[in-house]
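Peer 1: Sequence isn't available, so here's the structure alone:
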């Protein structure tokens, strides 16, 4: 079931995430299944589709442990999180940013506040880690970053209240989704359309060609069991070929995160459905 409510009172992503789908939701609406009972999102990221659909039962997973911890804290400890973010807001500045960026220790709630703070203040809201798994994005140029979006966090907390949130690989969805009552949306790291478009800094886990094929196999297995499956990916020959037996739809998108503003602009992406 697709729900439409006002932006002021509806939950929305509280993080800016590479490949976020907020701007594409309107194009996705015709392709969402008309009915389902259980929703699964194995590449959670910013969670735009989850927050739009607002399913009553959901299992949300991701390979990024820091991200999953943050979602759990938003769901379970939102007022504590808001308190810590207010502290970050008061102390925010160049030196403070780099001191927070370079210190990844702390409790779960402190780590969640750290991730949100860095996300709101780093360059372009980009999540990127180095080969040691350490966040390495420089400070962004914001005059007044919205470090503590209290209302947005509380709305997100309510939307997540009935969801199970797990740190796990996308293959784990095979243990849960089994029939036509289940709807899965896959939003993996996209297959690069050129040598310069590869994005591997989302986590220390590399998502290369072999993982794309593994995902396609999982997609096929789920579809064979009658599960409603939808997937986003780049518009390229490789993705079109491996999903050729399914329904492929072309979506108009924008490349929003790029250090070179001239390389941002309209592109096409693919939306694959099993139904």
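Peer 2: Yep, it's here. Remember, predicted model here, so these are calculated numbers, not experimental data. Numbers count the residues shown, from 1 in each chain.
Peer 1: Contact partners for the spatially most distant residue from the centre of the chain?
Peer 2: Note on the chain: the largest C-alpha distance from the chain mean falls to residue 95, namely 28.8 Å (CA atoms, centre = their mean). By CB atoms under 8 Å, 6 or more residues apart in numbering, the contact list for residue 95 is empty. Glycine gets a C-beta too; all of them are placed from N, C-alpha and C.
Peer 1: Just confirm it is within a strand.
Peer 2: No. Counting by DSSP: H, G, I helix; E, B strand; the rest coil, residue 95 is not part of a strand but helix.
Peer 1: Please read off the pLDDT at it from the model.
Peer 2: What the model reports for residue 95 is a pLDDT of 98.
Peer 1: Endpoint to endpoint, stretch 38-57 covers what distance?
Peer 2: 5 Å (CA to CA, to the nearest Å).
Peer 1: Helices of the chain, residue ranges please.
Peer 2: With helices called from DSSP state H, the chain shows them at 25-28, 48-53, 65-76, 78-91, 94-101, 108-121, 150-160, 209-224, 237-242.
Peer 1: For residue 178, which of the ones you listed is the nearest?
Peer 2: helix 209-224 (8.6 Å; CB to CB).
Peer 1: And that closest one, what does it pack against?
Peer 2: Judged by 3 or more CB pairs under 8 Å, 6 or more residues apart in numbering; DSSP states H and E, helix 209-224 is in contact with strand 182-186, strand 228-234, helix 237-242.
Peer 1: Excluding chain neighbours, what is closest to residue 251?
Peer 2: residue 269 (4.7 Å; CB to CB, 6 or more residues apart in numbering).
Peer 1: contacting residues for that neighbour?
Peer 2: Contacts of residue 269 by CB under 8 Å, 6+ apart are 24, 190, 232, 233, 234, 235, 250, 251, 253.
Peer 1: Just the buried ones out of these, please.
Peer 2: Among the contacts of residue 269, those that count as buried by neighbour count (16 or more other CB atoms under 10 Å) are 24, 190, 232, 233, 234, 235, 251, 253.
Peer 1: Nearest residue to the middle of this protein?
Peer 2: Central residue of the chain (CA atoms, centre = their mean): residue 45, at 1.5 Å.
Peer 1: Compile the helices and strands packed on helix 209-224 into CSV and extend it with columns for mean pLDDT and distance to residue 159.
Peer 2: Converted to CSV, those look like this (pLDDT from 0 to 100; distance: least, CB to CB, whole Å):
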stretch, mean pLDDT, distance to residue 159
strand 182-186, 98, 15
strand 228-234, 98, 20
helix 237-242, 98, 30
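Peer 1: Quickly note the distance from the closest residue to residue 72 other than its chain neighbours to residue 273.
Peer 2: What sits nearest to residue 72 in space, not counting adjacent residues and going by CB to CB, 6+ apart, is residue 165, at 5.3 Å. Going from residue 165 to residue 273 by CB to CB, to the nearest Å gives 25 Å.
Peer 1: Give me the more crowded residue out of those two.
Peer 2: Neighbour count, other CB atoms under 10 Å: between residue 165 and residue 273, residue 165 has more, with 21 against 17.
Peer 1: isn't the more buried one right next to residue 69, touching?
Peer 2: No. Applying CB atoms under 8 Å, one finds residue 165 not in contact with residue 69, separated by 9.2 Å.
Peer 1: Next, count neighbours for residue 42.
Peer 2: 26.
Peer 1: my bad, residue 208
Peer 2: Residue 208 has 12 nearby residues by other CB under 10 Å.
Peer 1: State the distance from it to residue 190.
Peer 2: From residue 208 over to residue 190 the distance is 12 Å, taken as CB to CB.
Peer 1: With residue 216 instead?
Peer 2: For residue 216 relative to residue 190 (CB to CB), the value is 14 Å.
Peer 1: got the phi/psi numbers for the nearest residue to residue 45 once chain neighbours are set aside?
Peer 2: Residue nearest to residue 45 in three dimensions, not counting chain neighbours: residue 17, with 4.5 Å by CB to CB, 6+ apart. Phi and psi for residue 17, reported as degrees, to the nearest 10, are phi -140, psi 140.
Peer 1: Hmm, residue 127 and residue 17 touching each other?
Peer 2: Yes. Contact criterion CB under 8 Å: residue 17 and residue 127 qualify, at 6.5 Å.
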